[in-house]
Structure formats: C-alpha cells, structure tokens
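>>> sequence first, predicted model second:
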Amino acid sequence: MNRYIEVFGYLEVVKALNRISMKWRWLLVFSFLFGNLNAQKILELAPFDVVDSTEVGLQSSFNITYDSLSMEPMQSLNLVEFLTTRSSLNFKNYGPGLLATPTFRGGDANHTQLLWNGLKINSPMLGTIDFSTIPMAQFSSISLVTGNSMNLYATGGLGGGVLLNQSVNYNQNYIQASQTLSSFENYSQSIRINQNFSLFKMPASFSLNGDLQSLNNRFPFTDVSEEPFETSIMENASFNRRNISPMLSFMPSESINVSLIYWYNEIDRSIPSAINTKPTIAQQKDEVHRTMAIADYRVNNRMKLSYRSMFEDNVNAYRDSALNISNSNDCQSFQNQLDVLIELNKKIKLNGQVNHTLIKATSQSYSQSEMATMLNGLLNLEYLWLNEKVLFELGTRYASFNADKAVLPFGGISIKPWQYVPIAFSASASQSTRFPTLNEIYWNPGGNDSLKSEQGELLELAVNYTSKDLTIKVAAFKGSFTDRIRWLPDGGVFSPTNVDYSSTLGTDLFIEKSIRLKQHVFLIRGNGQYINAQGGATKEDMTALSFIPSFSANASIAYQYRKLHINYSYLFLGERYISNDESSYMPSYQLSSLSASYDFYLLRQTKLGLTAGIDNVFDWQYQNMPWRPMPGRMYTLQINFIWTR
C-alpha cells in the first residue's frame, strides 16, 4: 500500500501541473506559431491514402491501416465521422456532439479498445470511450484491427480495436490552419505545425496539433413522437471541444529516438432529452490530460526495444437538475510498457511485451476511492516457411486485473501460393477476455464484486489481393462469447450479472481501386459487412442482438484533376432491433455526401484551399438511436491556409 501512496503522490503533482489555465496554454501555442511563421519551407500536402500495413496486427487477420492522415485536409472532425465512412465499424450515435460508442463485429461498446501509440485509453471505470470526443488532426495514421489481432496489444478487444498513431515527422516543415463553417450554427478551427531543428546538435522535431470546436446543432427535424408530425428545432444540444497536443522528438543517436507528448482534451456539452420524454437539460463536462514518453532503440539490425510510459487523468462531471442528478468521477492511471522485437534469423521473429498499469478511481457513486493493478505479458513468434510462401504466427498473452487472471492463446497462418500473383489466404483464431470494469464492481448501489470475466473464442478466414492499383480483402468470421455482463434489476436497483451467451457469424469486405488517365485520377473505395449476431441466456434460447444491423456498407469515389478534387460518398445502415424479443426495430437509412475542393496560391509562400460540401444530400430524416433525431441536409465551407517559405 505504501508503494501505491508514493506513486500516486507523484501523480497528484503531475495532475496539478496539468491543470494550468487553458487560456495560457493557447497563448503559448499561438506565440510559437506566429513567432516561427517565417521559418517554414514550401510544402505540398500529400493526398490521403489507404494502405494494408504488414506492421499492424496479425498478418493472418483482417486489418486495415489508414495512412498519411497528417497530410489530409481537415474535413473529418472526429473519429466517428472518419470511421463511419471508411470502415465497417458501426456506432450507436445519439446525435451530433452526443455520445457515440462503437459496435465491432457484434460486440458491445466495451469490446472495442482504443489505443494511443500502443497504450489503451478506454476508461477503466466504464470500459468504453466516447469516439465523438476524439479529434482527427493530430494522428499520422489509424489502424483498424479485428479481435484476433487485439491480443497483440491489450485485453478486452472481443470485437476488435482502433489504433491511433501519433508519430514524429523529421522530413517536412509546415504550418496549416483551417476554419470550418457549417449549417446549424456550427464552427471549428484547427491548426497543425511541424518544425524540424537541431537540439544540442541532435536532430529534433516539434509538432503541434490543436482544434477548437463549437457546435450549436440547431437543426430542424420531424418530431415523430406524436401525431400530427411537426417540424421542430433541436435545442439545448451544444457541444464545445478544446484539444491540443504538442510533441517534442529528438535523436540522441542514429539508433535512438525519444518523443515527449502531451494531449489535452476538454469537452462541454448540453444533452437534450429524447423527443418522446419531458424536456430536460443535462450538462456534461469531461477533461482529460495525457502525458506520454516514448523511447525507441534499435540495438542492432536484429533487435529493437521500445519503452512507453503514460499518465492519464480523466475527470467527468454530469448534472441534471430536473432529475436531481449530480455526479463526478476522477480516474487516474499510470502505464509502463516495454516491447522487444528480435529477428533470430531471416525466418524467425520473436516479439515480447510487458505492461504494468496502476489505476486510482474516485466517484460520488463509490463508497471510497478504489485502486487496481493490471499486469500484461505477451510472447509472439513468427516463422516463415517454404521460401516465404507460408507464415506461421503463434502467441499467448497473460493478463491479470487485481486477483482475476487469464491466459489467452492466439495464432494464425498465411499462405501466398504463387510468386507472381499477389494473393494470400489466411486463417487465424484466438481466445480473448474482458475483465469487469470498476463501475461494474464498485458502483453503489448495485456493484457486484463476484463478477466473472467475459470470455470469447474467435475464428477468421480471409483472402487478400493486393496489387499496385487494386486491393481486395474478404474475411469470414465467427465468434462465441460467454459470461457477458448485463445490468439487470435486483431488488429495486440495477446490478451487473453474468447472464448472456452470444454468437456472431459474418463476412467483411474491403476494396480500393485507383485509375489514372493522364491527368485524371479516380479512387474508388468500399466496405461492406453482413453479420448474424444473436444472444440469450442459453445457446438454445437466442434472439438477434439489439442495435446491430445485419447489413451495412459504405462506398466513395474521388476524382482529381490537377488542383481540383471532387468526392462523393454513400452510406447504408440496415435495420437494427432495439428490443430483446425482436418486436421493435429501427428502420434502415442511406446517406450521401458530396464535396469539392480547389487549391491555389495567393502568394508564392501561401497556399489556399477552399472546400465546399453537402452532407445528407437528399435530406433524409432519420434516427440512429430511438427518439434521437439526426440532422438533415447540412452545408459546410472550409478554408485551409498553408504558410510556407
């Protein structure tokens, strides 16, 4: 116990330093920005690209990496908007600026893990994270990995995971600023800076990413709660976000890179009541500080070491005066992780990982502050056979959460039978687990300290075709999950209980095709998913899981001619049951978006980009969640300035 007091005594000091007034943080940011304006060099922003990275996840599993994000025009404001139109990940979205949590391959929201530079940032109290609060501007790449690959990184990813990568750029100097104006009184500003320099004769780089977002969300909608249906204006749905992340990187030697990153994210939103209930106004405020240190060391051509350390302080407050609800929560965590990669020879690679996490959580709904310890260990082996035509992957993860422990084996095989045909067949399988969250254990009243961990068994078969201008990825997957935790009424209060069994069976499709006709470039992308997800108290008594569509798809076509860019995207979300007995469902909907942008130079040192867009082109009146209307047709104008010298 003395060790915990000593560690968290230090963390309280860091926490106090983190809570410097935001006014002074932004003053320092813009002082740096304009003070270094004349030090920049000419930059041409690279187009957005999608690549299939063999460095992410199991090579025998269905994984996709979205690369070059730091060079993409800042049109997507958050992860929900980005992933909804570029992947098969679906979201339970309560409306613009409101809660949005993922459902991945039939899993619950806490079955999708979100990692930042290799470390998990899901709330230990909730097990989830609100994807609508995560901005896009600061990340250089984002990877989507399925459940079999998640054992390489962390526990809890029974559905899969999203990996956010914020990496150093030693090759380019730039400043980019963006202003976005949208319908319904919505505004946002973003900025990106990257400056390379010499620090005591060491190569160094400083980057800064930040955004301010103010959404009033005063959109018209058709009120279907009672007849006659009338048009109303959404009120009390404002959302404000302030986000900033500076990063300093330097290389003490050619084989060592060190990065220091700070990430501040604050949201303040009003939460309107569902349109079929009496109007009330709830307020929520979240404030998150994350500080990370990374040290990468290439020992030699066959061995790499990577150490990461992160402190996170997450404060959440919720108020609803009409219902007399007032609750605040404060969760602090301290993670340390060491990764080791050894290439024993050209055929064999060995990867090891150790992660230790300390957690302290305080809530008005806990009887006292609670502490927890997590320990994870990983060992993974890769073996190439038959002139690199066959790849075997085999590993196991040991995980513990306080007294709860699990050993999770996983593995796969990938076969490339023909040397000159870029096609691969693969199969992978894994066991996974999700430990109970702190809220599920300690919530007062209702917490259950006798909960068992949720268990999952996953199987996947896939075919990948990747050539210079065409990528096709098809996967079939199956999952079986036991001891799923549900909050059920127990003597007048709700309490979490291990009651459910569930199974999933489905297919995933990803396709990307590029076409170049002289100066005309076309890029076609598409995702589709079919899933049969069922659950119940026993295997013999199962019905469709709620809020999971049987079919969903999205597609886009982008056209470029010199400095002109035009993009059209389409989204389809099928029917979703909203009751356990399949008696009620949400109807399907389909959305279209259209945007056009043009880049030109005002001066030799200044590049200007103008983008105009229309979301929900056909003004579809729809709801993603019951009694939570979504916006109709929305117009957006974005201006991007890039200062260069």
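Received it, and whenever you're ready, just let me know what you need. Treat the numbers as computed from the prediction; the structure is a model and nothing was measured.
>>> just the strands from the stretch 301-450 of the chain, written as ranges.
For the stretch 301-450 of the chain, applying DSSP state E, counting those that start in this stretch gives strands covering 303-320, 325-343, 348-363, 370-385, 390-401, 404-415, 423-434.
>>> to residue 144, which of those lies closest?
Nearest to residue 144 among the strands of the stretch 301-450 of the chain is strand 423-434; the distance by Cβ to Cβ comes to 15.3 Å. The way it works is simple: take the backbone N, C-alpha and C, and place the C-beta from them, glycine included.
>>> closest to residue 104 out of the strands of the stretch 301-450 of the chain?
strand 423-434 (12.3 Å).
>>> what is the mean pLDDT for that closest one?
Averaged over strand 423-434, pLDDT sits at 98.
>>> next structured bit after the lowest-mean-pLDDT helix or strand in the chain?
Least confident helix or strand, the chain: strand 49-51 with a mean of 35, by mean pLDDT, DSSP states H and E. Next helix or strand after strand 49-51 toward the C-terminus (DSSP states H and E): strand 63-67.
>>> for that next one, which strands pair with it and how are they oriented?
Its sheet considered, strand 63-67 pairs with strand 49-51 (antiparallel), strand 141-146 (antiparallel) by DSSP bridges.
>>> chain neighbours aside, what residue packs nearest to residue 500?
residue 484 (3.7 Å; Cβ to Cβ, 6 or more residues apart in numbering).
>>> now do the buried residues in the host helix or strand of that neighbour.
Here residue 484 sits within strand 470-490, counting by DSSP H and E. Across strand 470-490, burial judged by 16 or more other Cβ atoms under 10 Å covers 471-479, 481-485.
>>> so which elements touch that strand?
If you count contacts as 3 or more Cβ pairs under 8 Å, 6 or more residues apart in numbering; DSSP states H and E, strand 470-490 packs onto strand 454-466, strand 493-517.
>>> now do the longest one: which elements does it pack against?
Contact partners of strand 493-517 among helices and strands, from 3+ Cβ pairs under 8 Å, 6+ apart: strand 470-490, strand 520-538, strand 541-544.
>>> could I get these as CSV with mean pLDDT?
Shown next, in CSV, are these (pLDDT from 0 to 100):
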stretch, mean pLDDT
strand 470-490, 95
strand 520-538, 95
strand 541-544, 91
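>>> and the closest residue to residue 225 other than its chain neighbours, backbone torsions?
Distances taken as Cβ to Cβ, 6+ apart put residue 276 closest to residue 225, at 4.1 Å, once the chain neighbours are dropped. In terms of degrees, to the nearest 10, the main-chain angles of residue 276 are phi -100, psi 10.
>>> so for residue 276, what's the pLDDT?
Per-residue confidence (pLDDT) for residue 276: 93.
>>> I figured it was touching residue 627, is that so?
Yes - contact criterion Cβ atoms under 8 Å: residue 276 and residue 627 qualify, at 4.6 Å.
>>> what is residue 407 paired to in the beta sheet?
Beta bridges link residue 407 to residue 398 when assigned by DSSP bridges.
>>> how far away is it from residue 155?
Residue 407 sits at a distance of 11 Å from residue 155 (criterion: Cβ to Cβ, to the nearest Å).
>>> just residue 375 next, same as before
From residue 375 over to residue 155 (counting by Cβ to Cβ), the distance is 11 Å.
>>> identify the contacts common to those two.
By the contact definition Cβ atoms under 8 Å, 6 or more residues apart in numbering, residue 375 and residue 155 are jointly contacted by residue 399.
>>> more neighbours, those two?
residue 155 (24 against 14; other Cβ atoms under 10 Å).
>>> my guess is that one meets residue 408, correct?
Yes - between residue 155 and residue 408 there is a contact under Cβ under 8 Å: 7.2 Å.
>>> before we move on, back to that, residue 241: which of the buried residues of strand 470-490 is nearest?
Using Cβ to Cβ, the buried residues of strand 470-490 come closest to residue 241 at residue 485, 30.6 Å.
>>> who are the neighbours in contact with that closest one?
Counted by Cβ under 8 Å, 6+ apart, residue 485 has contacts 436, 440, 451, 454, 496, 497, 498, 499, 500.
>>> return a ChimeraX selection command for the buried portion of those.
With 16+ other Cβ under 10 Å as the criterion, this ChimeraX line picks the buried residues out of these:
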select :436,440,451,454,496,497,498,500
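>>> quick one: which of the contacts of residue 485 is nearest residue 140?
Taking the contacts of residue 485 together and measuring to residue 140 by Cβ to Cβ, the closest member is residue 454, at 32.8 Å.
>>> what residue, apart from its backbone neighbours, is nearest residue 159 spatially?
residue 107 is the one closest to residue 159 (Cβ to Cβ, 6+ apart), at 2.8 Å.
>>> and stretch 61-69, what's buried?
61, 62, 63, 64, 65, 66, 67, 69.
>>> for residue 619, which residues are in contact?
So residue 619 contacts 632, 633 (Cβ under 8 Å, 6+ apart).
>>> helix/strand/coil for it?
Taking DSSP: H, G, I helix; E, B strand; the rest coil as the rule, one finds residue 619 in the coil state.
>>> remind me which residues of the stretch 1-150 of the chain are low pLDDT?
Applying pLDDT under 70 to the stretch 1-150 of the chain picks out residues 1-55, 68-77.
>>> for it, which segments count as strands?
49-51, 63-67, 90-93, 100-103, 112-116, 119-120, 141-146.
>>> got those strands as TSV, with distance to residue 346 columns?
As requested, these are exported to TSV (distance: least, Cβ to Cβ, whole Å):
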stretch	distance to residue 346
strand 49-51	24
strand 63-67	24
strand 90-93	41
strand 100-103	39
strand 112-116	30
strand 119-120	31
strand 141-146	26
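>>> closest one to residue 290 among these?
Across the strands of the stretch 1-150 of the chain, closest to residue 290 is strand 112-116 (Cβ to Cβ), at 7.1 Å.
>>> partners of the closest one, with directions?
strand 119-120 (antiparallel), strand 160-165 (parallel).
>>> any chance of TSV for the ones you listed, columns distance to residue 380 and mean neighbour count?
Formatted as TSV, the strands paired with strand 112-116 follow (distance: least, Cβ to Cβ, whole Å; neighbours: other Cβ atoms under 10 Å):
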stretch	distance to residue 380	mean neighbour count
strand 119-120	18	24
strand 160-165	16	23
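>>> of those, which is nearest residue 398?
strand 119-120 (16.0 Å).
>>> mind listing residues that contact that closest one?
113, 114, 153, 154, 156, 292, 308, 310, 335, 337, 355.
>>> wait, what's in contact with the spatially most distant residue from the centre of the chain?
Computed with Cα atoms, centre = their mean, the residue of the chain farthest from its C-alpha average is residue 228, at 40.4 Å. By Cβ under 8 Å, 6+ apart, the contact list for residue 228 is empty.
>>> quick check, it in a strand?
No - per three-state DSSP, residue 228 lies outside any strand segment and is coil.
>>> where's it relative to residue 222, distance?
For residue 228, the distance to residue 222 equals 11 Å [Cβ to Cβ].
>>> same deal with residue 235?
Where residue 222 is concerned, residue 235 sits at a distance of 15 Å (Cβ to Cβ).
>>> ok, which stretches of the stretch 51-200 of the chain are helices?
79-84, 147-150 (DSSP state H, counting those that start in this stretch).
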